[in-house]
Each structure stands twice: as structure tokens, then as C-alpha cells.
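Asker: take a look and give me a structure for this.
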Amino acid sequence: MGGSVYLGVEDNGTVAGVAEGAAIDIQRNIANVVRNPKLFDPAVMLETEMVVVNGKTVVRIWVPMSPGVHRYKGVVYDRIADADVKVSAGSQISAMYIRKSNLEAERRIFPYLTLSDLRADLIHRARQMATARRPGHPWAGLDDEQLLRSAQLLVKDYSTGQEGLTLAAGLLFGSDETIGSLCPTYKSDAVVRLRDQDRYDDRLTVKTNLIDAYDALIGFCERNLPDPFVIEGDARVSVRGIVCRELISNMLIHREFTSPYPAKLEIDREGLHTQNASRTFFEGNITLNDFNPMPKNPSIANVFTQIGLAEELGSGTRNLFKYARSFMGGDPTLVDGSIFRATVPDAGGVLNTESTVAKQLGDTDQAILELAASRVSFTLADAAGVSKRSASAHVSALIESGKLVGEGSTRRRQFRKA
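Answerer: Numbering: from 1, shown residues only. Below you'll find the predicted structure:
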């Protein structure tokens, strides 16, 4: 990421200085080494200077961030905390190029992507959401093409003259088939591991557009997480809704779509966790005192903000720190890097209580009974809200209690209301 190296300063900050009279030779040797093609490929550009502190000379080496990935004696290194780590996997080296790239993947133009590949109903829905959030919104008077231009989803690259719809346009408004073609590795996985920690209690895989994906993931959290009673002023606020909104919108908006690493949401007895590939200029823990918000995908972030699914840059992180403690009793942990990881810990044990598990069981049972009431019969595969294994356990319990009846062989077994 670039930075400064100080020669003559101990790890504890004590200024020891370099050998007297050696500073000039040290700078000359550094300049020769970093331009030696047998050592560094490509050559490293840097500057050096002498700084005198209390009569002792320190050599400062300033290394600007480079757009390329450099090899020393044929090996690529990455700086992780205070260690130099060898990078050998091609995917890891590709991630370094992405991290250093000045162009967000979302702005890549696809010249053969047309309006017919996008869902007009989704664009209309986004227009309605924006105007409902802010009456008189400019999108209200724009047709679909004008709206896409206004949102920087239909752009012209002035360095090449190329004009067209971007990857962001496809991810926001494309059909599932279009998205699968533009971004084959794009998907979001959500899983619950409270009762069955080896496999899962509930699971959801989302490969649809970002707007519908947001709704699906929010619904997944609503059916699997409690919503404690919290009063703010004179009104009740849904801290579950606020926390999940921030985590899910961040997971969808700020991910690196060129990475094959899927976005992940997991609920287990430790808390609520999200992960997504990231194109970052900072590595380490994010706190309210030292975070500097930078948009990873500004076009996507802008659309989410306009339609009310995300806050302005930075305010989401503040909301997360503000409400996480009321949600599950602990402060969130945010760690940025090539993989962005967020955790809201279950410090209060709300996910480990029998009442929570019983509520989840009750919700699943009720959903299966409602399915049975709406059909003549159904299969385990029809109980799409949960896994087949989980559905089997619930259905068996409902049969034993006399609420359902099972008919047929194992492979073709059907179930109906008793």
C-alpha cells in the first residue's frame, strides 16, 4: 500500500541512528538495488532522505503505492501486519492486482449488454422506491435509458470512446441469466448453524440481482434472528432490522465482483457473521476512531442509497456500532483486507437460549402446516424455506403429533394435512 521505512529507528521507537557517515552510501546502495532487474521485477520507484534527530541520522525511505505487483528474486510478497508473506497462488496475486487497480470492476463496459437484457420491472421498482423515499426525485421524470445514464450505469469511456452498460447495471437490474453470463461466480450464501452445527438448520443461496438479493437475505435474517424490544425516544426501533440492513447492504455493495469468493452470511452460536471479497486500500480492524470510508463500488452504492437500502457513506458503520450492543449485547468487529469480515457477537447469549430455538422450531412448523393447508399434498423438496434434512425432522415430528400424514415410499413420499 506504500508507506515509509525508517533506518536507524528501533522497533520500540528509540532513535539509534545509522552508522556515522554511512547515510550517503546507504541511500546510494538502496537506489542501485531497487533498480537491479535481477533482484526486483519491475523496478521499484522510491525516494530517500536523511533526517537528523537529537544529533543522530535516520534514513527515511518513502515508497509510493505502485499500480503493479513486484517480485523480489522471482517471489511475490505481501505485507500482513508486521510480516512479509510469500504469495504463490495465482488467485492471490490476481487479488493484489485488483487491490492496486484504479478502475472499479463495476465500471467495466459490456458493449453487447443492452436494455433488453435488463428487467424493466426492476428499473420501474427502483424509480418508485426513490420517489417514495424523496418526493420529486429526478428519476421520476426519466425514462429507463435516462435513469441509467443518471445513475452512471450507462457510460462513455473517454479514454477509448467505448460507450455502453456497465457490470453494475447488469448486477442491479439484469435477469438471472444475464447476471450468470456477466459474472459466473457471483452468489451469496446464507446459513444457520444453531441446532445442527456440523451441517445447518437453514440455508439460502442467492444468485439473483442485488436488489432482490437484499430482500431475500433480509427475510432470511428475520426468520432466524430474534428482534429484541428497544425503545428510542417514544418509539420502538427494530435493532435487528438496522444491524442486518447494514451488514447485508455492505456485503452486497462493497464486494469485489471479479473475485470467485462468494459473499457469506452465517448465524451460529457465536453470533452473526458476514464475509465478502474486498478491493481494499487498508488492512486491519476498523473502529469508529480511525476508519476512513472509501466507496468500493460507488455506482452500486449510489443506487442503493437513492432507493433507501443503504445510508450515506460512513453512516452505516456508525449505525452498526450504535445498535449492535442493543441487538445481541456486544460491539461489532470489522476487519478489512482481501476478505472483509464483520461479526456481531452474541455476547448476551440470545441465540443459545432454549426459547430462541423453540421459537425457530415453532416458526418452521407453522410454515410447513401453512404449506400443507394450501396444497393437497407436498414433498420435502417443497419445504423450500429449510433444508431437506431440517424439513424431514420437522415433518416427522408433525406426523407423530398427528398434524400431518405421510403416504408413499421413501423416494416418492408425499405429505398432507391430517
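
Asker: low-confidence ranges in the stretch 101-250 of the chain?
Answerer: For the stretch 101-250 of the chain, the stretches flagged by pLDDT under 70 are 101-104.

Asker: the helix or strand hosting Val191: partners in the sheet, and parallel or antiparallel?
Answerer: Assigned by DSSP states H and E, Val191 falls within strand 188-193. With DSSP bridges as the test, strand 188-193 is paired with strand 202-206 (antiparallel), strand 263-268 (parallel).

Asker: what are the buried residues along the first one?
Answerer: Translated: strand 202-206. Applying a neighbour-count criterion of 16 or more other C-beta atoms under 10 Å, one finds 202-204, 206 buried in strand 202-206. Using the backbone N, CA and C atoms, a C-beta is placed for each residue, glycine as well.

Asker: and the helix or strand that comes right after it, which residues are buried?
Answerer: As assigned by DSSP H and E, the chain's next helix or strand after strand 202-206 is helix 210-224. For helix 210-224, a neighbour-count test (16+ other C-beta under 10 Å) marks 210-211, 213-214, 216-218, 220-221, 224 as buried.

Asker: contact partners of helix 210-224?
Answerer: Residues outside helix 210-224 that contact it (C-beta atoms under 8 Å, 6 or more residues apart in numbering) are 122, 125-126, 171-173, 188, 190, 192, 201-202, 204, 206, 208, 240-241, 244-245, 248-249, 251-253, 265, 267, 272, 300, 304, 307, 309, 360, 363, 385.

Asker: narrow those residues to those that are buried.
Answerer: Buried, going by 16+ other C-beta under 10 Å: 122, 126, 171-173, 188, 190, 192, 201-202, 204, 206, 208, 240-241, 244-245, 248-249, 251-253, 265, 267, 272, 300, 304, 307, 309, 360, 385, out of these.

Asker: before we move on, what SS does the residue nearest the centre of the chain have?
Answerer: The centroid of the chain falls nearest to Met251 when counting by C-alpha atoms, centre = their mean (2.6 Å). Of the three states, Met251 takes helix under DSSP: H, G, I helix; E, B strand; the rest coil.

Asker: surely it is in contact with Ala277?
Answerer: No - contact criterion C-beta atoms under 8 Å: Met251 and Ala277 do not qualify, at 10.3 Å.

Asker: who touches both of the two?
Answerer: When C-beta under 8 Å, 6+ apart defines a contact, the residues bordering Met251 and Ala277 alike are Ala263.

Asker: ok, Gln414 touching Leu380?
Answerer: No - using C-beta under 8 Å, Gln414 makes no contact with Leu380, being 9.7 Å away.

Asker: distance of Ala126 relative to Ser315?
Answerer: 21 Å (C-beta to C-beta, to the nearest Å).

Asker: Ile368 too?
Answerer: Applying C-beta to C-beta, the value for Ile368 to Ser315 is 40 Å.

Asker: settle it for me: which of those two has more neighbours?
Answerer: Ile368 (24 against 14; other C-beta atoms under 10 Å).

Asker: next, the more buried one: phi, psi?
Answerer: Note on Ile368: backbone dihedrals following degrees, to the nearest 10 are phi -70, psi -40.

Asker: I'd like to know how far it sits from Arg193.
Answerer: Here Ile368 is placed at a distance of 21 Å from Arg193 (C-beta to C-beta).
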